[in-house]
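A.B. asks: here is the input, now give the coordinates:
(2 chains)
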There are 2 protein chains.
Amino acid sequence: MSQQEHIAPTSDLGDSDFERALSQVRIVLIEPTHPGNIGSVARAMKTMGLSKLVLVNPKKFPHYEATKLAAGAESVLLTAEVVESAEQAIADCTMVIGTSVRDREVTWPTFDPRQTAELVDSHLLASSDANKVAVLFGRESSGLTNSEMDLCQSQIRISANNEYSSLNLASAVQIIAYELRMQFIGSRDDNHELQAAIKPEPAIKERQMPATQKQKEGHIQHLQNTLEALSFMKAKSPTVLMRKLTRLYNKADLTVEDIQILRGILTAVQQQMDSTAGESNAGDVE
Amino acid sequence: MSQQEHIAPTSDLGDSDFERALSQVRIVLIEPTHPGNIGSVARAMKTMGLSKLVLVNPKKFPHYEATKLAAGAESVLLTAEVVESAEQAIADCTMVIGTSVRDREVTWPTFDPRQTAELVDSHLLASSDANKVAVLFGRESSGLTNSEMDLCQSQIRISANNEYSSLNLASAVQIIAYELRMQFIGSRDDNHELQAAIKPEPAIKERQMPATQKQKEGHIQHLQNTLEALSFMKAKSPTVLMRKLTRLYNKADLTVEDIQILRGILTAVQQQMDSTAGESNAGDVE
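C.D. replies: Down below sits the predicted model:
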C-alpha cells in the first residue's frame, strides 16, 4: 500500500497536463526521402516530449540510418505508424496544420510557430481529451501538394533568412515542437505548487541565498570605511563614488556568500593597514 | 540610374535593424568532435540570419562532412574563425552566455531561450553598435567546463523531456537562433520610422559602455595579484575563490567605468602595501 502511494505521483507526473497535451499532437511526414531525416525528426520530437509519428509512404523505413540518427529516440520509430495517404494519417484528427515555405495561389490562414502553438493549445483546452492535432510536413524536395494543403485549416510559416531559408526537416520539426512544449507548459502549469511538488528545487544552501538589504548595506559601509582608511576617498567625490559602488554591487545580485567573501577581503586590507600603522607611527615619532 | 534605384532598397534590406542585431551575435562551438555537426550548425545559423561562427579547437575542420551538411550555408564555414581557447573566442565580447544541461554546484543565473533572447536584445538596444554577444556551446559529450562557464554572465537551459533531453548540437543552436531572430524582429521592425523618431539613442559615454571580456579579465587578474600580495589567498582555496569572485563580478555586468573604479581601489591597496613594504623590509634587515 505504501508502494502504491509511491507509484501514484510518478504516474501523475508522466501524465501531467502539458504532457497529455503533447501526446495529443502527431507529426506527419509525407513521403520523406531520406531515412536519416526520419531519425532526426524522431530525436527532435522526443526531446520536446512529442511521441506520435506518422509516415506517409516513406521511401525507406525501417532503415538503419533512421535508427542511427534517432540516437536513443527509437521508441518514436518503433511506435511510428506507416500509412499510404495523408488522409489516412489524419483521419481521426480534429485539427490539421500544414507547413509550407512556398507561396501559393490559394492562400491559407498563415501563422508563425508561436501563434500556431497558441491555436493548438486553445483547441486542446477548449474541448475534450479526444481532440487530436496533426502537423503535416511535406517532401524534402517539394513540400506539400495543394490537395494535401486542402486537408489543413491553416499553415505554419517559420520566419527565415530571405537569402537562405533552407530549413532542415528535423530543424523545422524541432522549432515547432519546441513552441508547442513552451506553450503547453506555460498555459497548463502555472500552478506553481504542482510544479514544486513535481520538481523539488535543490535546496539552495543558505550561503547561496540572496543577501538581505541589511547585509548589503553592511558591506557598503565596510567598503566605505576601508576606502576612507586608504585615503582613496579624498581623491574622488565620496558621495558620487559610493553611489557608483552601491549601484555596481547592486547589479550583481549578491548572495550571502558573496558578501562574506567581499567583507573578508576588506578585513584583510584593514588588517594589513593596522599592522603597518604601528610601524608608520613609530616612524613618525622619530 | 534606374539600376541605382534598384540597388538602393536591396542594400537597405541587408542592413535592416534586426539583421544588424543578428550580426552582433556569434555562436562559439567549443571543441566540436563531429565535423558534420559544424556543418549542421552553420545551416541552422544561416536559416535564422546568424553569420558569425567561432570554433575553439575543432577536432576536424575544414572537413568535407561539414561542407556537406552545411547544405548551401558554406558562407558561414568560410568565414568561421578557428581559435585555441574560449577566452580568445570571446575577447571582444560584452556579453557571454553559456548553454548547459548539467546542474552545477555554483549556480549561474539561468534563463530559457526566450528570456535569453530578451536579455540579449536589451543589451544590444541599450548600448552602441560596438556591443557583441557570444553564445557558447560545449563539447557534444561533456558540455562546457566550469572554467568556461566562469566566462559567462548567465546560462541558457532549454526545456526538454526529463526522460530524453539529448538535444542535438545543431538543434540547440536552431532553437536559440530562432528565438533571437523572433525577438529582434519583434522589437525592431514593428515600425521603423516610429522607432527611429521616438528613440534616438543618446550617445552613451564610452565609460558607461559594457566592459569587454578582456577588460574584465584584466580586473580579475589585478584582483588576484592584490589578494596574493595581501596573503588572502593562502587562507582559502585560490581557484575556488577566484571562480567565485569572477562569477560575482560577471553578475554585475560591469561597465568600463566600473572597472576603472575597482582597479583604482586595487591600485590604492597596492600602493598602501608598497609604501609600508619598504618599512617592513627595512625592519626585516635589522
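A.B. asks: sort out which residues of stretch A:258-270 are buried, please.
C.D. replies: A:258, A:259, A:260, A:261, A:262, A:263, A:265, A:266, A:268, A:269, A:270 (16 or more other C-beta atoms under 10 Å in any protein chain shown). Glycine gets a C-beta too; all of them are placed from N, C-alpha and C.
A.B. asks: for stretch A:60-72, same thing?
C.D. replies: For stretch A:60-72, burial by neighbour count (16+ other C-beta under 10 Å) applies to A:61, A:63, A:65, A:66, A:67, A:69, A:70.
A.B. asks: list the residues that contact the fifth one.
C.D. replies: If you count contacts by C-beta atoms under 8 Å, 6 or more residues apart in numbering or on different chains, residue A:67 has them with A:39, A:74, A:77.
A.B. asks: the second one too?
C.D. replies: With contacts taken as C-beta under 8 Å, 6+ apart, residue A:63 has the following neighbours: A:35, A:38.
A.B. asks: state the distance from it to chain B.
C.D. replies: 18 Å (C-beta to the nearest C-beta, to the nearest Å).
A.B. asks: also the last one?
C.D. replies: Distance check for residue A:70 against chain B: by C-beta to the nearest C-beta, it reads 10 Å.
A.B. asks: narrow the buried residues of stretch A:258-270 to those in helices?
C.D. replies: Within these, residues falling in helices by DSSP state H are A:258, A:259, A:260, A:261, A:262, A:263, A:265, A:266, A:268, A:269, A:270.
A.B. asks: including distance to residue B:177, could the residues you listed go into JSON lines?
C.D. replies: Shown next, in JSON lines, are these (distance: C-beta to C-beta, whole Å):
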{"residue": "A:258", "distance to residue B:177": "33"}
{"residue": "A:259", "distance to residue B:177": "38"}
{"residue": "A:260", "distance to residue B:177": "40"}
{"residue": "A:261", "distance to residue B:177": "37"}
{"residue": "A:262", "distance to residue B:177": "38"}
{"residue": "A:263", "distance to residue B:177": "42"}
{"residue": "A:265", "distance to residue B:177": "41"}
{"residue": "A:266", "distance to residue B:177": "44"}
{"residue": "A:268", "distance to residue B:177": "46"}
{"residue": "A:269", "distance to residue B:177": "46"}
{"residue": "A:270", "distance to residue B:177": "50"}
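A.B. asks: for the stretch 1-150 of chain A, what spans make up the strands?
C.D. replies: Secondary structure of the stretch 1-150 of chain A, counting by DSSP state E, counting those that start in this stretch: strands at A:25-30, A:52-56, A:81-83, A:95-99, A:110-111, A:133-137.
A.B. asks: out of those strands, which is closest to chain B?
C.D. replies: Evaluated with C-beta to the nearest C-beta, the strands of the stretch 1-150 of chain A place strand A:110-111 nearest to chain B, the distance being 13.0 Å.
A.B. asks: does the closest one reach chain B?
C.D. replies: No. On the criterion C-beta under 8 Å from any C-beta of the partner chain, strand A:110-111 is out of touch with chain B, staying 13.0 Å away.
A.B. asks: packing partners of that strand?
C.D. replies: Applying 3 or more C-beta pairs under 8 Å, 6 or more residues apart in numbering or on different chains; DSSP states H and E, we find strand A:110-111 packed against strand A:154-156.
A.B. asks: residue A:19: neighbour count?
C.D. replies: The criterion is other C-beta atoms under 10 Å in any protein chain shown. On that basis, residue A:19 has 19 neighbouring residues.
A.B. asks: got the contact list for the residue nearest to it when sequence neighbours are not counted?
C.D. replies: Spatial nearest neighbour of residue A:19, excluding adjacent residues (C-beta to C-beta, 6 or more residues apart in numbering or on different chains): residue A:49 at 6.0 Å. Under the criterion of C-beta under 8 Å, 6+ apart, the contact list for residue A:49 reads A:18, A:19, A:22, A:177, A:181, B:160, B:161.
A.B. asks: ok, of the strands of the stretch 1-150 of chain A, where does mean pLDDT dip lowest?
C.D. replies: Note on these: lowest mean pLDDT is at strand A:110-111, with a mean of 89.
A.B. asks: flag the shaky bits of the stretch 51-200 of chain A, pLDDT-wise.
C.D. replies: A:101-107, A:128, A:189-200 (pLDDT under 70).
A.B. asks: would you mind listing what in it touches chain B?
C.D. replies: Proximity of the stretch 51-200 of chain A to chain B, by C-beta under 8 Å from any C-beta, involves residues A:71-73, A:112, A:114, A:158-162, A:164-168, A:170-171, A:174-175, A:178, A:181-182, A:185.
A.B. asks: rerun that using 6 Å as the cut-off
C.D. replies: Taking C-beta under 6 Å from any C-beta of the partner chain as the test, the list of the stretch 51-200 of chain A residues beside chain B reads A:72, A:160, A:161, A:164, A:166, A:167, A:171, A:174, A:175, A:178.
A.B. asks: okay then, goodbye and thanks.
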